[in-house]
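Asks: sequence and predicted structure below; questions after.
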Amino acid sequence: MPPSAETRPPAAPRVLVVTASLDRHARELRAAFEAKGARVTISGLADVGFDTEAAHGLVFPEFGDALPDAVCVRTMDGGSFEAVTRRLSILHALGRLGVLVSNDARAVENCVDKAMTSFLVASAGLPAPRSWAVESRREAERIVAAENRALVLKPLFGAQGKGLKLIGRAEDLPPADEIVGGVYYLQRFIGHSSDGRWSDYRVLVSRGRAVAAMRREAACWITNIKQGALARPIEPDRELEDLAVQATAAVGGDFCGVDILKDAGGRPHVLEVNSMPAWTGLKKASGRDIAAIRAEDLLATLAERRSVELRPLPAFA
């Protein structure tokens, strides 16, 4: 006789890895999930469509009428405002349909928008450099003049250290037509060098705990690995780890890379929270298998959710 539903082994979870390209990270994730027994599909969101008469209102070419059990968001394609909004809406819809999405759409939105990240981190009472986001050039000039100290101008939706500019006077602001999106995102510059070298920290948080960390070291104040910084191993630092976990919680994330900078007095400050962190340098510096950690934690969360869904309701007299 065929096994009953109670004794039948659970089906292998179907995991959709969302990525803009089949890069090293995506390949590592696929191998890590498959090593844990999951069935993996790798895709961007451009091919996923809304169809209000479809079984779930969404159409996935790889799943037919079914839905994935979990979605692991590695990276998302850029595009027009409309295209990006539609792709985020797909993640929102998946969450509403009960699919585990990590990081979910709200966390991605909170991290992609640096102004919202700063707002949430500050609202949580965490130490961070004072930040501003305005659209008026006059207001940006007023802020620079009133601060009378170095500020960093960043693209609101930038990444990998691109487009950063140190601002000391209002005259240092680029021409208005060079301001990305017409938004001035400014942050107090609290960096300092030691023996001509600059550094900050990246702490990776997964499922509520710090799982890896490194110190990024560079010859200039921009310390992103993509800009040529070196990844250095560090000893466990409880203060950094706790701050990173709190910053991740503040943005609603469950897998985030948190950038932390210590000021001249040694006090750590949260600079940014990345919901789609790369880990090549971090893996080398920490010796941790980040993809395996990511896969294990996401599948553990999925298993916990399933156990709650299958738990029998209490009997009432």
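Replies: In hand now; what should we look at?

Asks: contacts and neighbour counts: CA atoms only from here.
Replies: Will do.

Asks: figure out the length between the terminal residues of stretch 280-291.
Replies: Start and end residues of stretch 280-291 are separated by 10 Å (CA to CA, to the nearest Å).

Asks: hmm, who's touching that stretch?
Replies: 25, 28-29, 32, 202, 212-214, 225, 230-234, 279 (CA atoms under 8 Å, 6 or more residues apart in numbering).

Asks: so how far is it off the chain centroid?
Replies: 16 Å (CA atoms, centre = their mean, to the nearest Å).

Asks: so for it, what gets flagged as buried?
Replies: 281-283, 285-286, 289-291 (16 or more other CA atoms under 10 Å).

Asks: likewise stretch 263-274?
Replies: Quick answer for stretch 263-274 (16+ other CA under 10 Å): 268-274.

Asks: and stretch 175-192, by the same measure?
Replies: 179, 183-190.

Asks: kindly export it (C-alpha atoms) in PDB.
Replies: Only the C-alpha atoms of stretch 175-192 are listed here, as PDB (Å, rounded to 0.1, in the frame of the first residue of the first chain):
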ATOM      1  CA  PRO A 175      26.100  70.800 -11.100                       C
ATOM      2  CA  ALA A 176      22.400  70.200 -10.700                       C
ATOM      3  CA  ASP A 177      22.200  68.200 -14.000                       C
ATOM      4  CA  GLU A 178      24.800  65.700 -12.600                       C
ATOM      5  CA  ILE A 179      22.900  64.900  -9.400                       C
ATOM      6  CA  VAL A 180      21.500  61.400  -9.900                       C
ATOM      7  CA  GLY A 181      17.700  61.600  -9.900                       C
ATOM      8  CA  GLY A 182      17.700  65.100  -8.600                       C
ATOM      9  CA  VAL A 183      18.100  64.000  -5.000                       C
ATOM     10  CA  TYR A 184      20.900  65.100  -2.700                       C
ATOM     11  CA  TYR A 185      21.600  62.400  -0.200                       C
ATOM     12  CA  LEU A 186      24.200  63.700   2.200                       C
ATOM     13  CA  GLN A 187      25.900  62.000   5.200                       C
ATOM     14  CA  ARG A 188      28.400  63.300   7.700                       C
ATOM     15  CA  PHE A 189      31.900  62.100   7.000                       C
ATOM     16  CA  ILE A 190      33.300  60.500  10.100                       C
ATOM     17  CA  GLY A 191      36.100  58.500   8.500                       C
ATOM     18  CA  HIS A 192      39.700  58.900   9.500                       C
END
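
Asks: average pLDDT for the one helix or strand A115 maps to?
Replies: In the assignment (DSSP states H and E), A115 maps to helix 114-123. Mean per-residue pLDDT for helix 114-123: 97.

Asks: how much space between the residue nearest to D263 when sequence neighbours are not counted and A122?
Replies: Nearest non-adjacent residue to D263, counting by CA to CA, 6 or more residues apart in numbering: I190, 5.6 Å away. Noted for I190: a distance of 16 Å to A122, by CA to CA.

Asks: cool, thanks, talk later.
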